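**Student:** Here's my sequence, what's the structure:
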Amino acid sequence: MEKSKKIPIGTIRGILRKFRSQFCGTIINKTDINEKRINNISEEIYKNAVKNGFEIFIPIDPKFPNFYIKLYQPEYYYNKRILIKYDTWNQNQAYPIAHFIKSLGEVNDVKVENEVILLEHSVDVNPFSQKIINSLPNENSQLKVTDEDLKNRRDLRNINICSIDPPGCKDIDDALHCRILPNGDFEVGVHIADVTHYVKAGTEIDRIAAKNSNSVYMVHKRTDMLPKVLTENLCSLVGNKERFAFSVTWVIDKETLEIKDVEYFKSIIKSKAALTYQQANDRINDQNDNSELTISIRNLLKISRHLRQKRLNDGALILASTEMKFVVDFETNSINDISMYKSFETNQLVEEYMLLANVYVAQKIYNTYPSCAVLRRHPLPKLKELGSLKKLLDEKGFKINVDDTKLLGESLDSIKKENDPFFNKLVRIMLTRTMNQAKYFPSCEFGFEDFFHYGLAMPIYTHFTSPIRRYADVLVHRLLAAALDLDYLPNDMSNKVRANKQCDQMNKQNRVAFFCSRASNDFSTYLFFKDKFEELEISIFAVDSFGNRGLSQKYGIEAEILFVDENGNNIIKKIDLEKKQIVLNDNSIVNIFDRILVSINAGYVNYRREIKYKFIKKID
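**Tutor:** Okay, here's the model as predicted:
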């Protein structure tokens with residue numbers, strides 16, 4: 001059947017919501033125009049703008065056009081980031097017109113660029129109001145446990161509880177314990193900061209937390225969802241301090257390591273240590289350390305291995321990402337080192353218990369409130385992208401079975417490439433890119449069969465374990481407290497319209513936090529490499545119409561690959577998108593997954609930073 005050549009035509013009847021009206025960027029310095037350091041604006045366009053009394057503003061985000069703005073003494077704003085607001089776009093003008101709002105500071109200043117990242121992503125950078133601060137205990141307050149608290153909470157202060165987190169973590173959400181019961185069975189506990197003890201539904205602080213929905217983590221700073229007195233003091237489960245917690249405990253069979261019973265309750269704990277992943281790992285491996293706390297961590301590891309294997313047997317996937325670790329000198333704000341994030345077995349230990357708590361809490365709140373539980377679902381992958389990856393791997397001699405998650409996980413484990421131990425992780429990263437985003441939703445929106453979390457292969461899931469930094473977890477804490485008759489359920493949570501709206505907000509802000517973190521990584525990478533020349537090995541990650549990209553195992557940096565000679569001339573003869581290969585002028589061929597030697601270049605073009613790899617040679 002011949003395809004119709006008719007093109008559908010529509011009419012815009014109205015705009016429901018404008019995308020954005022404020023932009024960060026830099027005005028063109030006339031010296032840069034004269035010396036041809038700006039490559040997307042001609043000298044003629046610039047002179048014409050100046051003649052009409054305008055400066056040309058280049059936004060940080062290249063998706064948006066340049067702007068005309070009027071400034072008094074424009075030279076004062078050269079090489080500075082400024083904030084503008086869009087006004088209008090006349091039919092006879094090349095660019096829209098905007099007006100100046102404020103100067104943010106010098107280009108490439110760390111504090112300024114962090115502010116730019118947050119403004120560009122519409123993150124609320126305003127400090128908490130004095131009214132909110134006054135409604136909370138002062139910043140140096142110490143928790144005082146009363147007899148009333150002991151009536152409503154289980155006292156766990158004598159148990160060997162500890163937290164395990166990344167280095168420098170101050171907002172500690174979770175802690176763990178494992179003790180042996182009189183009959184030899186294990187009791188395992190997950191203890192989560194009781195944020196809702198301080199953040200009550202309907203208060204001003206709750207309203208702001210609902211709007212921001214999560215903390216934003218960047219290399220040089222953290223933008224908190226809640227005031228510092230909560231995030232770093234009263235709620236944070238720091239070592240040797242009494243804290244209120246929401247606990248889930250399980251009885252684990254001493255022989256089979258299967259779960260026999262579960263309990264949910266509010267508690268008072270006193271963490272015996274706030275460990276890093278490496279410190280916990282070192283304790284486990286130190287044969288001379290047989291302290292009660294270390295034995296507890298070893299038992300936690302033993303049980304977590306069983307839990308992990310059970311999840312994998314059920315079809316859970318082990319995915320991967322290009323997570324980077326930055327070593328920062330906070331006195332000078334300089335980046336001393338970059339590496340791909342190193343994971344210990346204790347990372348997996350903590351992950352298993354957080355997953356376990358999230359699943360059990362999801363089941364509990366859904367059983368009690370089947371129409372208004374706040375859950376998290378992960379849809380099936382993007383079938384087209386997953387099919388393309390399967391086809392690509394098939395053509396390269398690697399087979400993956402995408403029929404279900406268990407078969408997919410097993411085939412991923414079997415993929416290996418001789419002399420390239422990084423290859424398996426590269427494939428897992430590519431698989432991650434085919435996935436849809438996991439999202440929050442109220443249980444009234446879907447049938448139970450659509451609650452499924454694809455990546456974890458779990459029929460029901462939620463977020464309970466990070467209420468200091470995620471508002472979804474705060475809502476789940478309120479649901480669980482109501483399910484246990486410890487508190488009432490706020491009216492908003494049973495209102496379907498409001499519940500949907502809040503879930504949409506949390507999903508949106510989750511993406512915002514991701515993009516802010518990525519932009520911060522890009523800026524920090526630029527700072528580290530801008531005055532360096534380095535050659536390194538990378539793996540070719542993508543060959544497509546959007547450009548050729550590579551990934552460094554050493555640094556975890558993904559960037560475009562330039563195939564040019566010393567004079568900047570293109571050396572590509574042709575690109576075969578079907579075979580995913582690049583034919584160079586000398587007829588040599590570079591394929592996707594090949595390892596190549598490149599130099600890494602940190603450039604500054606059109607007042608925007610960019611990191612690119614420059615091809616040197618193929619590595620056999």
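**Student:** what about Arg609, which SS state?
**Tutor:** Of the three states, Arg609 takes strand under DSSP: H, G, I helix; E, B strand; the rest coil.
**Student:** Now do the contacts for the residue nearest to it when sequence neighbours are not counted.
**Tutor:** Leaving aside its sequence neighbours, Arg609 sits nearest to Tyr526 (C-beta to C-beta, 6 or more residues apart in numbering; 4.3 Å). Any C-beta I mention is one placed from the backbone N, CA and C, and that applies to glycine too. Going by C-beta atoms under 8 Å, 6 or more residues apart in numbering, Tyr526 touches Ala602, Tyr604, Arg609, Glu610, Ile611.
**Student:** Among those residues, the buried ones, what's the PyMOL command?
**Tutor:** Of the contacts of Tyr526, the buried ones can be selected in PyMOL as follows, counting by 16 or more other C-beta atoms under 10 Å:
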select buried, resi 602+609+611
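**Student:** Export the contacts of Tyr526 as JSON lines, with columns for distance to Phe265 and pLDDT.
**Tutor:** Below are these laid out as JSON lines (distance: C-beta to C-beta, whole Å; pLDDT from 0 to 100):
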{"residue": "Ala602", "distance to Phe265": "53", "pLDDT": "92"}
{"residue": "Tyr604", "distance to Phe265": "56", "pLDDT": "88"}
{"residue": "Arg609", "distance to Phe265": "50", "pLDDT": "92"}
{"residue": "Glu610", "distance to Phe265": "53", "pLDDT": "92"}
{"residue": "Ile611", "distance to Phe265": "50", "pLDDT": "94"}
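**Student:** Can you say which two of the contacts of Tyr526 are spatially most distant?
**Tutor:** Greatest spacing in those, by C-beta to C-beta: Tyr604 and Ile611 (10.7 Å).
**Student:** residues contacting the residue lying closest to Pro96 once chain neighbours are set aside?
**Tutor:** Nearest non-adjacent residue to Pro96, counting by C-beta to C-beta, 6+ apart: Trp89, 3.8 Å away. Contacts for Trp89 were tallied using C-beta under 8 Å, 6+ apart; they are Tyr95, Pro96, Ile97.
**Student:** can you do 10 Å?
**Tutor:** By C-beta atoms under 10 Å, 6 or more residues apart in numbering, Trp89 lies in contact with Pro65, Phe67, Tyr68, Tyr95, Pro96, Ile97, Ala98.
**Student:** measure it to Asn40 for me?
**Tutor:** With distances taken as C-beta to C-beta, to the nearest Å, Trp89 is found 18 Å from Asn40.
**Student:** tally of neighbours for the nearest residue to Phe528 once chain neighbours are set aside?
**Tutor:** Nearest non-adjacent residue to Phe528, counting by C-beta to C-beta, 6+ apart: Ile335, 4.1 Å away. Here the number of neighbours of Ile335 (other C-beta atoms under 10 Å) works out to 20.
**Student:** go on, Asp544?
**Tutor:** The tally of other residues near Asp544 (other C-beta under 10 Å) stands at 12.
**Student:** Against Asp586, how distant is the residue lying closest to it once chain neighbours are set aside?
**Tutor:** Excluding its sequence neighbours, the residue lying closest to Asp544 (C-beta to C-beta, 6+ apart) is Leu577, at 6.3 Å. Using C-beta to C-beta, Leu577 is found at 21 Å from Asp586.
**Student:** Tell me which residues of the helix or strand encompassing the residue nearest to Arg609 come out buried.
**Tutor:** Per DSSP states H and E, Tyr526 falls inside helix 496-529. With burial defined by 16+ other C-beta under 10 Å, the residues of helix 496-529 counted as buried are 499, 502-503, 505-507, 509-510, 512-513, 516-517, 519-529.
**Student:** what is the mean pLDDT for it?
**Tutor:** Per-residue pLDDT over helix 496-529 has a mean of 95.
**Student:** same deal with stretch 372-384?
**Tutor:** In this model, stretch 372-384 has a mean pLDDT of 93.
**Student:** chain center to it: distance?
**Tutor:** Stretch 372-384 sits 17 Å away from the centroid of its parent chain (C-alpha atoms, centre = their mean, to the nearest Å).
**Student:** Same check on stretch 466-480?
**Tutor:** Stretch 466-480 has its C-alpha centroid displaced from the chain centroid by 18 Å (C-alpha atoms, centre = their mean).
**Student:** Which positions within it qualify as buried?
**Tutor:** Within stretch 466-480, the residues that count as buried by 16+ other C-beta under 10 Å are 466-480.
**Student:** In the worst-scoring helix or strand of the chain on mean pLDDT, which residues are buried?
**Tutor:** Lowest mean confidence among the helices and strands of the chain (mean pLDDT, DSSP states H and E): helix 30-34, at a mean of 81. Buried residues in helix 30-34, counted by 16+ other C-beta under 10 Å: Lys30, Asp32, Ile33.
**Student:** what do you get for stretch 84-96?
**Tutor:** Buried residues in stretch 84-96, counting neighbours by 16+ other C-beta under 10 Å, are found at Ile84, Tyr86, Tyr95, Pro96.
**Student:** Show me what the closest residue to Lys554 other than its chain neighbours bridges to in the sheet.
**Tutor:** The shortest distance from Lys554 to any non-neighbouring residue, by C-beta to C-beta, 6+ apart, is to Leu536 (5.8 Å). Here Leu536 sits in beta bridges with Val598, going by DSSP bridges.
**Student:** if I pick Leu536, what's in contact with it?
**Tutor:** Going by C-beta under 10 Å, 6+ apart, Leu536 touches 550, 552-555, 557, 596-600, 613, 616.
**Student:** now do Phe23
**Tutor:** Contact analysis of Phe23 by C-beta under 10 Å, 6+ apart lists 57-61, 64-65, 67, 82-86, 96, 98, 101, 119-120.
**Student:** Mind doing that once more with 8 Å?
**Tutor:** Going by C-beta under 8 Å, 6+ apart, Phe23 touches Phe57, Pro59, Ile60, Asp61, Phe64, Phe67, Leu83, Ile84, Lys85, Tyr86, Ala98, Glu120.
**Student:** what's the domain layout of the chain?
**Tutor:** Listed by automatic domain parsing, the domain ranges of the chain are 22-107, 130-377+442-522, 383-435, 530-618.
**Student:** Put the buried members of the contacts of Trp89 into a PyMOL selection.
**Tutor:** To isolate the buried members of those in PyMOL, using 16+ other C-beta under 10 Å:
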select buried, resi 67+68+95+96+97+98
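**Student:** Render the CA-only coordinates of the helix or strand harbouring Asn601 in PDB, please.
**Tutor:** Assessed by DSSP H and E, Asn601 sits inside strand 595-605. Output in PDB follows, covering the C-alpha atoms of strand 595-605 (Å, rounded to 0.1, in the frame of the first residue of the first chain):
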ATOM      1  CA  ARG A 595      39.400   1.400  21.900                       C
ATOM      2  CA  ILE A 596      41.200   4.500  20.600                       C
ATOM      3  CA  LEU A 597      43.900   6.900  21.800                       C
ATOM      4  CA  VAL A 598      42.700  10.500  22.100                       C
ATOM      5  CA  SER A 599      43.700  13.800  23.600                       C
ATOM      6  CA  ILE A 600      41.100  15.500  25.800                       C
ATOM      7  CA  ASN A 601      40.300  19.100  25.100                       C
ATOM      8  CA  ALA A 602      38.500  21.500  27.400                       C
ATOM      9  CA  GLY A 603      37.400  24.400  25.200                       C
ATOM     10  CA  TYR A 604      35.500  27.600  25.700                       C
ATOM     11  CA  VAL A 605      33.500  28.500  22.600                       C
END
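**Student:** what does it contact?
**Tutor:** With contact meaning C-beta under 8 Å, 6+ apart, strand 595-605 is reached by 39, 420, 525-526, 528-530, 532-540, 550, 552, 557, 559, 561-562, 590, 609-619.
**Student:** Buried ones only from the residues you listed, please, as a PyMOL command.
**Tutor:** In PyMOL syntax, the buried subset of the contacts of strand 595-605 is picked out as below (16+ other C-beta under 10 Å):
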select buried, resi 525+526+528+529+536+538+539+540+550+552+557+559+561+562+590+609+611+612+613+614+615
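**Student:** quick one: the helices in the stretch 101-250 of the chain?
**Tutor:** When secondary structure is read from DSSP state H, counting those that start in this stretch, the stretch 101-250 of the chain shows helices at 110-120, 130-134, 147-152, 204-212, 228.
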